[in-house]
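A.B. asks: kindly return the folded structure for what I paste below:
(2 chains)
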Amino acid sequence: MRLEPIADPGLGRTLGFPAAALAATLAFAMALAMAAGADPLVVLGLMIKGAAGSKFALLETLNRATPLIFTGLAVAVAFRAKLWNIGAEAQLYAGAIIAVLLGTGAVALPWPLLLPLSALAAAVAGSLVLLGPATLKLRFGVDEVVTTLLFNFIMLLFVSYLLEGPMKDPAGMGWPKSQRLIADARLPRIADGLRLHWGFLLALIAAAGVWIVQTRTTLGYEMRAVGLNPTAARFAGLPVGRIMIKTALLSGGLAALAGWSEVAGLKGSLTLDLSPGFGYTGIIVAMLALLNPLGVVVSALFVAGVFVGADSMSRAIGVPTYIADALLAASLLFMVLALLLARVRVRRG
Amino acid sequence: MEILDILLSATFWAAAIRIASPLIFATMGELICERAGVLNLGIEGIMIAGAFTGWFAVYAGMPLPAGVLMALLIGMAFGALHGMLTVPFGLSQHVVGLGVTLLATSMTYFTYRLALPEVTSPPRIEAFAEWPVPVLSDLPLVGPALFSQSPLTYLAFATVAAVAFTLHRTPLGLALRAVGENPASVEAQGLSVTGLRIGAVMAGSGLMAVGGAFLTMSAFNSFFFEMVNGRGWICIALVVFGAWKPWKSLLGAILFAAFDALQIRLQQTPIGAHVPYQVFLMMPFALSILALILMSRRAEVPAALMVPYNKGER
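C.D. replies: A predicted model of the protein is given here:
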């Protein structure tokens, strides 16, 4: 079989194949529900209801989407420049550590100063975490996929050490958990009585910011050029190494804000289960969004809805929540295939 | 000197070989894929799927070898998926590989929860017993280390020999290596690049799954979440460390496992009382990164690794 690029794919093809990918994902989810011995329509209905059926459900979905927007942006920025940052999980925890470090009373500042300072420091910490693998890639040609993956494990062990050692809450009844953040270090709720914190709005602002960087600045243009063809970019005189480093700093910083906002906005303290794989799920979010920063918001809401809906459905009828992880992983594969088929024709021979 | 005592004890080396066994299978699996030009990041998830499948087959009443076979088959199935998407369709091997890892992991957890909904601690199985080789197992040091192991460990070593022989001494191996260096030349020979690559990914993925099955069928005797714990990613580093050569990669796996066995023992010495245990647990991952840096200078990467092949395109 042979692939022939289509010069002008047309709207039907460009939209039809991604739509088919979503339909295939739906069919896959229904097959899983049937395998679990449940009525697929009931499962689906309960998932939708659990994700968006009430004000509480909707807010839960928005809360869950917040870290996913940040990690999705981190991945989208990096992947667009073909920097394979699979280490958003580690960068997320770096941000969370900073939130605790600055937020538990060590820095006595009022919130208008403390929150920006802490967010900035968190982003810098995340940037530094990705700077390591990015430098190794540029200096020694070490594949950043493997190093960022390995760093995730190192970081989690480091957090475990912190939570059992220097950062341990003395009043935590022996649980590996940090002290709670002081009031000035907490992200306030958007409105009183509304269980949604400012992190969500910050995530939206970040998405808009990344969109502006990518479409309206030289750096955005350079990052895309490097991603499309690094050899050509170098030939055209672009400082490929410097652009890669800038990309890494931006990506790592965004991922760190996911952990920072989870601690400062939602949880109020750091535990080892802060992230149920937000860093890895960010890859799905970014790919479903076709690496478009505004699309990341939409796909993060979708992915968060699937998770929140599956949790609620599972509590009701006992189909394992892992149905969410499985259907999202499948959707990733369906989608990359659909995006290819939208622009090539498959020929025999 | 405590470290010396540890290094000279037979139980230490026996443990090192045991720890190395799952890595050897999975490293050989990744090596086959990469020599054929396909980076397989599905490795971590495929190991998890293999660990569960082998264990569950035996739990459901199958004999142990059948459990290994089932793991092999499930690995090959995920390999077929990976191969279909990355070879004829030429999709990003990074994205597809991670997708396969996420899919294999979540499908495994989903199936596990379906099969054992109420279980808090997973049931144990009667795992492979040690098979001491007559006479040889009585040798000092070498005997307990190499000749008093699980049959799966012997199989791991046999796999290295088989992979090395096939790659370097058979026409199939020549074709496989060529497909990872210069696929057009293979096509010119009238062989199918697609077929060879998909075949390599399927075979390699099968081995990865058997590596995972070692964990449940020979090491822990039970399945639990996160038991693979990054071993797959470490194996990718081991392939680089071994310069894409089977025997060198075997050496890397054993060296690595020896360090791992050493850090476990050091935790129980006075050093362990002063250093947090997390530092010891970080060592394998830090070591893998170090190995990648050290070997990067003389990398002998297959020339067509991660380069999709589309017939008629130059």
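A.B. asks: report how many residues lie close to residue 51.
C.D. replies: Going with chain A. Neighbourhood size, A:Ala51 [other C-beta atoms under 10 Å in any protein chain shown]: 25. (Each C-beta comes from the backbone N, C-alpha and C, glycine too.)
A.B. asks: please refer instead to chain B.
C.D. replies: B:Ala51: 30 neighbours (other C-beta under 10 Å).
A.B. asks: pLDDT wise, what is it at?
C.D. replies: pLDDT, B:Ala51: 98.
A.B. asks: quick check, it in a strand?
C.D. replies: No: B:Ala51: not assigned to a strand; according to DSSP: H, G, I helix; E, B strand; the rest coil it is helix.
A.B. asks: roughly how far apart are it and B:Glu118?
C.D. replies: 21 Å (C-beta to C-beta, to the nearest Å).
A.B. asks: thinking B:Val228 is in contact with B:Leu215, fair?
C.D. replies: Yes: counting by C-beta atoms under 8 Å, B:Val228 touches B:Leu215, with 6.9 Å between them.
A.B. asks: who touches both of those two?
C.D. replies: B:47, B:51 (C-beta atoms under 8 Å, 6 or more residues apart in numbering or on different chains).
A.B. asks: what is the burial count for the closest residue to A:Ile317 other than its chain neighbours?
C.D. replies: Closest residue to A:Ile317 apart from its sequence neighbours, by C-beta to C-beta, 6 or more residues apart in numbering or on different chains: A:Ala38 at 5.9 Å. Residues within reach of A:Ala38, counting by other C-beta under 10 Å, total 19.
A.B. asks: next: A:Leu274.
C.D. replies: 20.
A.B. asks: next, the contact list for it, please.
C.D. replies: A:92-93, A:96, A:259, A:262-263, A:267.
A.B. asks: from the residues you listed, which is closest to chain B?
C.D. replies: A:Tyr93 (13.2 Å; C-beta to the nearest C-beta).
A.B. asks: correct me, but the closest one touches A:Met155?
C.D. replies: Yes: if you go by C-beta under 8 Å, A:Tyr93 and A:Met155 touch, sitting 5.0 Å apart.
A.B. asks: nearest residue to the residue nearest the centre of chain A in space, please, no chain neighbours.
C.D. replies: Nearest to the geometric centre of chain A sits A:Thr71, at 2.3 Å (C-alpha atoms, centre = their mean). Distance criterion C-beta to C-beta, 6+ apart; nearest residue to A:Thr71, sequence neighbours excluded, is A:Gly282 at 2.9 Å.
A.B. asks: chain center to the host helix or strand of the residue nearest to the centre of chain A: distance?
C.D. replies: For A:Thr71, the enclosing helix or strand under DSSP states H and E is helix A:55-80. Centroid separation for helix A:55-80 versus its chain: 6 Å, with C-alpha atoms, centre = their mean, to the nearest Å.
A.B. asks: mind listing what's buried along it?
C.D. replies: Within helix A:55-80, the residues that count as buried by 16 or more other C-beta atoms under 10 Å in any protein chain shown are A:57-80.
A.B. asks: packing partners of that helix?
C.D. replies: Here helix A:55-80 touches helix A:40-52, helix A:88-103, helix A:199-216, helix A:218-228, helix A:240-261, helix A:278-288, helix A:293-317, going by 3 or more C-beta pairs under 8 Å, 6 or more residues apart in numbering or on different chains; DSSP states H and E.
A.B. asks: quick one: average pLDDT of it?
C.D. replies: So the average pLDDT for helix A:55-80 ends up being 96.
A.B. asks: ditto for stretch A:135-143
C.D. replies: Stretch A:135-143 shows a mean pLDDT of 91 in the predicted model.
A.B. asks: swap in stretch A:292-312?
C.D. replies: The model assigns stretch A:292-312 a mean pLDDT of 97.
A.B. asks: any idea how far A:Arg216 is from B:Ala127?
C.D. replies: Applying C-beta to C-beta to B:Ala127 and A:Arg216 gives a distance of 60 Å.
A.B. asks: out of those two, name the residue with the larger neighbour count.
C.D. replies: In this view B:Ala127 and A:Arg216 are compared by other C-beta under 10 Å, and B:Ala127 has more residues nearby, 20 against 10.
A.B. asks: SS state for that one?
C.D. replies: Under three-state DSSP, B:Ala127 falls in the coil class.
A.B. asks: now do A:Glu4
C.D. replies: strand.
A.B. asks: which residues touch the nearest residue to it once chain neighbours are set aside?
C.D. replies: Leaving aside its sequence neighbours, A:Glu4 sits nearest to A:Arg345 (C-beta to C-beta, 6+ apart; 4.7 Å). Neighbour list for A:Arg345: A:3-6 [criterion: C-beta under 8 Å, 6+ apart].
A.B. asks: could you flag which of these are buried?
C.D. replies: Buried members of those, scored by 16+ other C-beta under 10 Å, are A:Leu3.
A.B. asks: mind putting the contacts of A:Arg345 into TSV with pLDDT?
C.D. replies: Shown next, in TSV, are those (pLDDT from 0 to 100):
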residue	pLDDT
A:Leu3	88
A:Glu4	87
A:Pro5	88
A:Ile6	87
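A.B. asks: show me which of the contacts of A:Arg345 is closest to chain B.
C.D. replies: The closest of these, once distances to chain B are taken by C-beta to the nearest C-beta, is A:Leu3, at 5.4 Å.
A.B. asks: which ones are touching the closest one?
C.D. replies: So A:Leu3 contacts A:340, A:344-347, B:88-90, B:310 (C-beta under 8 Å, 6+ apart).
A.B. asks: who is it paired with across the strands?
C.D. replies: A:Val346 (DSSP bridges).
A.B. asks: avg pLDDT for stretch B:144-160?
C.D. replies: 90.
A.B. asks: how far away from the center of its chain is it?
C.D. replies: 14 Å.
A.B. asks: that stretch: end-to-end distance?
C.D. replies: Taking C-alpha to C-alpha, to the nearest Å, stretch B:144-160 runs 20 Å from one end to the other.
A.B. asks: other residues contacting that stretch?
C.D. replies: By C-beta under 8 Å, 6+ apart, stretch B:144-160 touches B:10-11, B:13-14, B:16-18, B:20-22, B:24-25, B:28, B:68, B:127-133, B:136-137, B:139, B:207, B:210, B:213-214, B:217-218, B:246-247, B:249-250.
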